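**Q** This is a predicted model, with the sequence first.
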Amino acid sequence: MLQLTMWSIPPMAAAIISLIAFRRASSTAHVPGGQALRFLFLMVFLWAGPQTLETFFVHESIKLFLSQLSYVGIALTPVAWFQFALTYSQRVLKMPSPLMCFISIVPVITLCLALSNTYHNLLWSNWYLVNSGGYVGLVTEHGFWFYVHAFYSYGLILCATAILTFALSQFHLQTRSLLTAITAPLVGVLANLYYLSPFNPAPWLDFTTLGFLVGILLLYRYILQEDLLKCIPVVRDRVMEQLTDPIFVISHEGNIIDANQSALQAFADMEQPVLHTHINMVAEHLYLESIRNLDENSEVSIGLRSYEVASTQLDSTNKQSDVALVFRDVTERRLAEQKLRKLKDELERMAHTDVLTSLFNRRYFMQRLSEEFERVHRHGNALSVLIFDLDHFKNINDTFGHDIGDHVLESVATVTRQIKRVADVACRLGGEEFALLLPETDKAGAIKVAQRLRQGIEEFPYSKSIGKDVNVTASFGVATVGRRMNEPSVILQVADRALYKAKNGGRNMICSTEE
């Protein structure tokens, strides 16, 4: 037989609202406190749900079973509130993970005793039905363990509320959330005390769910709807400890008076403790006169590490106040920048270098020729260019093959590097044609360099180098910048004409053309 009365409304409302809040809290499950808050709403639902069903039935056995079943929520709701307080406040207070297992011992015992109460009567010593105004309710008389459970639950809720209150008090501008943290559990506790008190006119109806209904509405409104879970309260003292950058606080004299854990770990290998030593013991080249003017780009090297250092005067009105120094480790960034620069230099070298001979290529030669040509016209210095071409190189390729021809070109490049001066620029223009740019060199000096290079190419021991007895000679054209040369390309044309003059004159010789 069923009954429908107004007494079903309070627990039904608590069950419905807690279920809605449980679903709404799914979007905050990934933030600290989110999972615990969902667990809290679920436990209230498991408390209020069976109590709602219990109000519908009139049979004693069904009512008793549903009352026992509601203890899943009754026993674990304080645990859920304590877990929420801890996980939400985890940035402020650190608790060992086994703590939750420890505090759950009494609630689990309570739940087991509730489900098996008919065998021992430790939770309820007696129970009976009453009829009040047409409503059939179940009245229970409490046994010894019920009071153990009640006092333990009150203590757990009050302890959790104190933790949450402390955490939120460190997070200013959250007055409403602070009041919510205190009011929500307090309403539930007061409702439960009223239910257990002798002043309760309806001992067959647990008003605690009505109190938790109010508490859930408060949590839903001021925590979930305002996304308070995404705001993590942090104690200012812990900000310094949580930062991974080393932080020192130094006095006006430069003595280290405080340091965070990152600083102590970063410089733990020093010969003496960091605290109460002079800052120069940590950073040798960090001078006191510059500390108060440090900007974000200031950098010091400590051992093999590089740090960007920024300073903040703790009292801007007092020139002798303490200063906070933040050391940001930029070693990896500097190493990456060095690798990037090396890679860039290598790419530039490859863009300017002939692949086969490792001499400069025509593009780079023309760039340097333009620069030197401009310098000569500005300052009147000397500048010469010589172009040389290997004689009958096609015959070498046809006779010995292109591999041997490539080895010959590499050998000629080796001779060129050995003979040229440091300031000279050697390049392979293409094929078997090479060029030398000779800064600060007049015609006579250029001819001397060409003569040494011609002899070096002719006398190079190719048989030892490439395994073939190859005869290699070269013809040279020499040109010097003259007054009528207005473009860099003109000097190349002059040198090229001199080269053809050498080839037509019998090869393996040096010629120059006046311009």
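**A** That came in fine, so what should we check first?

**Q** May I have the beta-bridge partners of N131?
**A** On the basis of DSSP bridges, N131 takes part in beta bridges with V136.

**Q** which strands and helices sit next to the helix or strand encompassing R328?
**A** Taking DSSP states H and E as the criterion, R328 maps to strand 323-329. Of the remaining helices and strands, those touching strand 323-329 by 3 or more C-beta pairs under 8 Å, 6 or more residues apart in numbering; DSSP states H and E are strand 247-250, helix 261-266, strand 305-313. For every residue, glycine as well, the C-beta is placed using N, CA and C.

**Q** Mind doing that once more with 7 Å?
**A** Applying 3 or more C-beta pairs under 7 Å, 6 or more residues apart in numbering; DSSP states H and E, one finds that strand 323-329 makes contact with strand 247-250, strand 305-313.

**Q** Could you list every helix and strand in contact with the helix or strand hosting E346?
**A** Taking DSSP H and E as the criterion, E346 maps to helix 331-352. Helix 331-352 makes packing contacts with strand 305-313 when contacts are defined by 3+ C-beta pairs under 7 Å, 6+ apart.

**Q** Mind listing what's buried along the helix or strand A162 falls within?
**A** Under DSSP H and E, the secondary-structure element containing A162 is helix 144-169. Under the neighbour-count criterion of 16 or more other C-beta atoms under 10 Å, helix 144-169 has 145-146, 148-149, 152-153, 156-157, 160-161, 163-164, 166-168 buried.

**Q** Kindly report the same for stretch 249-266.
**A** Taking 16+ other C-beta under 10 Å as the criterion, stretch 249-266 shows 249-250, 254, 256, 259-260, 262-263, 266 as buried.

**Q** Repeat that for stretch 363-372.
**A** Neighbour-count burial for stretch 363-372 flags 364-366, 368-369, 372 (criterion: 16+ other C-beta under 10 Å).

**Q** Most widely separated two among those residues?
**A** In these, two members sit farther apart than any others by C-beta to C-beta. They are Y364 and E372, at 12.4 Å.

**Q** low-confidence ranges in the stretch 401-515 of the chain?
**A** Where the stretch 401-515 of the chain drops to pLDDT under 70, the residues are 483-484, 514-515.

**Q** Just the pLDDT for H172.
**A** H172 carries a pLDDT score of 49 in this model.

**Q** Make 28 the starting number, not 1.
**A** All right, first residue 28 from here; so that's H199.

**Q** sorry, back to before: got the angle between the helix holding E373 and strand 332-340?
**A** Interaxial angle of helix 358-379 relative to strand 332-340 (axes from the mean of the first three to the mean of the last three C-alpha atoms, to 10 degrees): 130 degrees.

**Q** so what does the very next helix or strand once past helix 358-379 touch, helix or strand wise?
**A** Proceeding N to C from helix 358-379, the next assigned helix or strand is helix 389-406, under DSSP H and E. The helices and strands touching helix 389-406, judged by 3+ C-beta pairs under 7 Å, 6+ apart, are strand 410-417, strand 452-457, strand 460-466, helix 515-531.

**Q** Output helix 389-406 as CSV, nothing but the C-alphas.
**A** Backbone C-alpha positions of helix 389-406 (Å, rounded to 0.1, in the frame of the first residue of the first chain) are rendered in CSV as follows:
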residue,chain,number,x,y,z
ARG,A,389,79.9,32.7,-58.1
ARG,A,390,77.1,34.4,-56.1
TYR,A,391,79.2,35.1,-53.1
PHE,A,392,82.2,36.2,-55.3
MET,A,393,80.0,38.8,-57.0
GLN,A,394,78.7,40.0,-53.7
ARG,A,395,82.2,40.5,-52.3
LEU,A,396,83.4,42.0,-55.6
SER,A,397,80.7,44.7,-55.4
GLU,A,398,81.6,45.5,-51.8
GLU,A,399,85.4,45.8,-52.6
PHE,A,400,84.7,47.7,-55.8
GLU,A,401,82.7,50.3,-53.8
ARG,A,402,85.4,50.5,-51.1
VAL,A,403,88.1,51.1,-53.8
HIS,A,404,86.0,53.9,-55.4
ARG,A,405,85.4,55.5,-52.0
HIS,A,406,89.0,55.3,-50.6
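
**Q** contact partners of it?
**A** Defining contact as C-beta atoms under 7 Å, 6 or more residues apart in numbering, one finds that helix 389-406 is touched by 379, 408, 410, 452, 454, 456-457, 462, 464, 466, 508, 515.

**Q** mind putting the residues you listed in CSV, distance to V85 and neighbour count included?
**A** Formatted as CSV, the contacts of helix 389-406 follow (distance: C-beta to C-beta, whole Å; neighbours: other C-beta atoms under 10 Å):
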residue, distance to V85, neighbour count
H379, 98, 17
N408, 117, 14
L410, 116, 23
V452, 108, 20
C454, 107, 26
L456, 109, 20
G457, 107, 11
A462, 112, 27
L464, 111, 24
P466, 113, 17
V508, 118, 23
P515, 111, 20
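
**Q** Which members of those are the farthest-apart pair?
**A** Based on C-beta to C-beta, the longest span within those runs between N408 and G457 and measures 28.3 Å.

**Q** about what we covered before: which positions in the helix or strand just after the helix holding A189 come out as buried?
**A** On the C-terminal side of helix 171-196, the nearest following helix or strand under DSSP H and E is helix 202-223. By neighbour count, and taking 16+ other C-beta under 10 Å as the criterion, the buried residues in helix 202-223 are 204-205, 207-216, 218-219, 222-223.

**Q** Next, the angle helix 171-196 makes with helix 202-223.
**A** With the same axes, to 10 degrees defining the directions, helix 202-223 sits at 170 degrees from helix 171-196.

**Q** Give me the contact list for whichever helix or strand comes after helix 202-223.
**A** Taking DSSP H and E as the definition, the helix or strand that follows helix 202-223 towards the C-terminus is helix 235-246. By C-beta under 7 Å, 6+ apart, the residues outside helix 235-246 that reach it are 37-38, 40-41, 44-45, 48, 68, 71, 74-75, 78, 207, 210-212, 214-215, 217-219, 222.

**Q** so helix 235-246 versus helix 202-223, what angle?
**A** If you take the same axes, to 10 degrees, helix 235-246 sits at 180 degrees to helix 202-223.

**Q** In the buried residues of stretch 276-293, find the pair that's most separated.
**A** Longest span within those, C-beta to C-beta: G281 and S289, 20.5 Å.

**Q** Tell me who's in contact with L191.
**A** L191 sits next to 112, 115-116, 208 when contact means C-beta under 7 Å, 6+ apart.

**Q** Considering those, which possesses the most neighbours?
**A** A208 (30 neighbours; other C-beta atoms under 10 Å).

**Q** K491: how many residues sit nearby?
**A** K491: 8 neighbours (other C-beta under 10 Å).
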